[in-house]
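Student: What would the 3D arrangement of this be:
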Amino acid sequence: MSLENLQQRLCEKDFLEYLLQADKHPFNPPEDLREIQWEVYPYYLSSVNPRITFHLNTIQGEYLLKLNTETYKIYREAVACRLFYPLNSLELRVPRVYANETQIPLSRNQFCGWLIAEWVSGIPATNAADEILVNLLPPGLLNLHRYPVNNGNVESIFGVQMPIQAEAQDILRERRREYFKRALEVCPQKLIRSVQKLENLVCAHSFTDHLAFIHGDMHVNNIKYYQEPYIDRYRLFLFDWEDISIDHPLYDLANLMFSDGFSERSRKCLETYVLLYNQQPAEFGPLNPLDAWMLTAICFVRNLRWNLSAINRDQEMLERGAEQTIKKILNILQKSL
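Tutor: Numbering: from 1, shown residues only. Purely as a prediction, here's the structure:
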């Protein structure tokens, strides 16, 4: 079974609908696809929109197959990876995308998008030694964050024109307010006052005017590390680009700190990134590390809303964890102000 044959099957409605249910029943691929080893790759947050990811092991090699009925995410990830693939550095690389489709009709007026990308059999960064992450992630991210945020690149990923700088900052301020608003709509009563404290601090803060293409879901589960063949050095592999966005470049570092429990290694990643960036500051001047800590509050409220909306979550445990995280963020912010 060649990749071309698989792509043809992925344009068949019945086959796509069967694949989208593969994590809910014993998966039995069709006869002509049984030479492929199919492994469902787990998602860490549930979604009401059908989606699934596979690790495919074939005679030709290993691949990642991602399906999503939020088809714009497939489109954005495919375009972003193709734009950033030539930027692969010694420290960090993004996946090569081999093929994608974004508008395959399904039943019930739904559409499905899919992409086939390379699979890297690395080790999850959760298990990486601290120095591997600290030495490789900041320079690799900096290389990606310096990619030009101009009309052509913005339009190719998002299908809209790049707003002028003042308008872009207004959009970001409104987006941050909206994240808090959505979280407060589903927030348990006991957490509301604490979340509002975070909101007041973030919305009163003057962020620097930096803009960059950001990964948007920067956590250690989306990073692998591996050793290059015949070279005595490690390299990071950053995947899952479906949440690519335009935001402050420190948002990715904030998300890393939040998702890694504000670990010492994630804080060192922030320090190293800011130091490297400020050695050659862009047109907006040097970065302010306080912006990253403010943005951890945004990462928290986005995550809180997702978790509160998820099915089969332990509400009491979730609330306890949220209380502890809010206290930690407030403590850090109040010490920094």
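Student: for Gln37, phi and psi?
Tutor: When read as degrees, to the nearest 10, the backbone of Gln37 gives phi -90, psi 120.
Student: If you tally nearby residues, what's the number for the nearest residue to it once chain neighbours are set aside?
Tutor: Spatial nearest neighbour of Gln37, excluding adjacent residues (C-beta to C-beta, 6 or more residues apart in numbering): Asn57 at 3.9 Å. (C-beta placed from N, C-alpha, C; glycine too.) Neighbours of Asn57 under the rule other C-beta atoms under 10 Å: 16.
Student: what's the distance between Asn57 and Ala80?
Tutor: 26 Å (C-beta to C-beta, to the nearest Å).
Student: And the contacts of the helix or strand containing the residue nearest to Gln37?
Tutor: Taking DSSP states H and E as the definition, Asn57 sits inside strand 51-58. Applying C-beta atoms under 8 Å, 6 or more residues apart in numbering, the contact partners of strand 51-58 are 1, 3, 19-20, 22-23, 35-41, 43, 62-70, 119.
Student: Restricted to helices, list those.
Tutor: The helices, defined by DSSP state H, take in Leu3, Leu19, Leu20 from the contacts of strand 51-58.
Student: ok, now how distant is the closest residue to the last one other than its chain neighbours from Gly261?
Tutor: Taking C-beta to C-beta, 6+ apart, and ignoring the residues beside it in sequence, Leu20 has Pro50 as its nearest neighbour in space, at 4.4 Å. With distances defined as C-beta to C-beta, the gap from Pro50 to Gly261 amounts to 31 Å.
Student: Could you check which of the two has the larger neighbour count?
Tutor: Each of Pro50 and Gly261 has its neighbours counted (other C-beta under 10 Å); Pro50 has more, 18 against 10.
Student: Would you agree the more buried one is in contact with Thr69?
Tutor: Yes - counting by C-beta atoms under 8 Å, Pro50 does reach Thr69; the two are 4.8 Å apart.
Student: Okay, helices next: where are they in the stretch 51-200 of the chain?
Tutor: 71-84, 130-145, 151-158, 165-186, 189-204 (DSSP state H, counting those that start in this stretch).
Student: want to throw these into a markdown table with mean pLDDT and distance to Glu31?
Tutor: Below are those laid out as a markdown table (pLDDT from 0 to 100; distance: least, C-beta to C-beta, whole Å):
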| stretch | mean pLDDT | distance to Glu31 |
| --- | --- | --- |
| helix 71-84 | 96 | 27 |
| helix 130-145 | 95 | 42 |
| helix 151-158 | 95 | 39 |
| helix 165-186 | 95 | 46 |
| helix 189-204 | 95 | 53 |
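Student: For Leu333, which of the ones you listed is the nearest?
Tutor: When these are compared by C-beta to C-beta, helix 189-204 sits nearest Leu333, at 5.6 Å.
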